[in-house]
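Undergrad: All I have is the shape, not the residue letters:
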């Protein structure tokens, strides 16, 4: 078993986090946000995925969404759930996802549904996953995506932080960059852990911080960051790191343009998906 080791330094405080480690503010233009530290941003789509032997219909997994807005309503919801649910995921399901999960590309699902407007498809997936219902939501497409996932036994893309099924996918990319070790960060960048790249291998337990989910991965010339209510990671790169290895060879996504904001799936123009 490969173990990550805690860095000998404390993470930066909320007031002195360097821009090279920060996730962009809401609606910030990505290339401008990181202009002093990085030259390119590749938007990584968190994959849909299968878990052999399990389906979302028989084994629920992911965040529980509710209309509860007060402590009393939340307490009532928890009481209504009672004990273990029939579709409750088994213990160590996180590890099962990492070791056996099979990523499925967004463009394959769009193709299966006959959707040619990828921007519209991607935005609809994002809104569906986070449970948002704006007035212009394409409810028909949401129903088609949900039905396809049920029929194919697909789990939704993970949101908010490093997806479990993505961990093994990062290994060949990080190795192509010549990296042996990266640093894991929490959302506030106050907790960090130095982690060998081997720990992302499929046969290893999920990488983890002791007290928080993983919201970012960094190395010299690179930052891969996730944020709440998003189903994408933002991979910021120097020109040197881009020349070492093209992330599009390993991960599904698209390059940010001059006007691409941190709300990457809510853009006015269609992203150029790389195959």
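TA: Looks like it came in fine. All figures in this text were calculated on a predicted structure; none of them were measured in a lab.

Undergrad: Wait, residue 141 touches residue 123, no?
TA: No - counting by Cβ atoms under 8 Å, residue 141 stays clear of residue 123, with 9.8 Å between them. To be clear about C-beta, it is placed using only N, CA and C from the backbone, and glycine gets the same treatment.

Undergrad: Quick check, pLDDT for residue 211.
TA: Reported pLDDT at residue 211 in the predicted model: 83.

Undergrad: What of residue 89?
TA: 70.

Undergrad: Quick check: it vs residue 157, distance?
TA: Using Cβ to Cβ, to the nearest Å, residue 89 is found at 17 Å from residue 157.

Undergrad: Show me which of those two is the more surrounded one.
TA: residue 157 (24 against 17; other Cβ atoms under 10 Å).

Undergrad: do you know how far the more buried one is from residue 209?
TA: 21 Å.

Undergrad: Mind jotting down where the helices sit in the protein?
TA: For the chain, the helices defined by DSSP state H cover 30-33, 71-81, 93-100, 106-112, 118-130, 139-152, 167-176, 239-244.

Undergrad: looking at those helices, which is buried most?
TA: Comparing the helices of the chain by mean neighbour count (mean count of other Cβ atoms under 10 Å), helix 118-130 comes out on top with a mean of 20.

Undergrad: Show me what that one is packed against.
TA: Applying 3 or more Cβ pairs under 8 Å, 6 or more residues apart in numbering; DSSP states H and E, we find helix 118-130 packed against helix 106-112, helix 139-152.

Undergrad: could you redo the ones you listed as TSV and give each row mean pLDDT and distance to residue 59?
TA: Shown next, in TSV, are those (pLDDT from 0 to 100; distance: least, Cβ to Cβ, whole Å):
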stretch	mean pLDDT	distance to residue 59
helix 106-112	98	20
helix 139-152	98	13
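
Undergrad: for the ones you listed, which one sits closest to residue 99?
TA: helix 139-152 (20.6 Å; Cβ to Cβ).

Undergrad: what's the angle between that closest one and helix 118-130?
TA: If you take axes from the mean of the first three to the mean of the last three Cα atoms, to 10 degrees, helix 139-152 sits at 70 degrees to helix 118-130.

Undergrad: quick revisit: any chance of the helices of the chain in a markdown table, with distance to residue 56 too?
TA: Formatted as a markdown table, the helices of the chain follow (distance: least, Cβ to Cβ, whole Å):
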| stretch | distance to residue 56 |
| --- | --- |
| helix 30-33 | 32 |
| helix 71-81 | 17 |
| helix 93-100 | 12 |
| helix 106-112 | 14 |
| helix 118-130 | 12 |
| helix 139-152 | 7 |
| helix 167-176 | 20 |
| helix 239-244 | 36 |
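
Undergrad: Return the distance of stretch 107-118 from the chain's centre.
TA: Put simply, stretch 107-118 sits 20 Å off its chain's centre (Cα atoms, centre = their mean, to the nearest Å).

Undergrad: what do you get for stretch 231-243?
TA: 14 Å.

Undergrad: again with stretch 113-128
TA: 17 Å.

Undergrad: Contact partners for residue 219?
TA: 174, 177, 179, 181-183 (Cβ atoms under 8 Å, 6 or more residues apart in numbering).

Undergrad: buried subset of the residues you listed?
TA: In the contacts of residue 219, burial by neighbour count holds for 174, 177, 179, 182-183, counting by 16 or more other Cβ atoms under 10 Å.

Undergrad: Turn these into TSV, columns for distance to residue 134.
TA: As requested, the buried ones among the contacts of residue 219 are exported to TSV (distance: Cβ to Cβ, whole Å):
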residue	distance to residue 134
174	36
177	38
179	39
182	36
183	36
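
Undergrad: Could you work out the most separated pair of those?
TA: 177 and 183 (14.1 Å).

Undergrad: Distance check, residue 128 against residue 53.
TA: For residue 128, the distance to residue 53 - Cβ to Cβ - is 25 Å.
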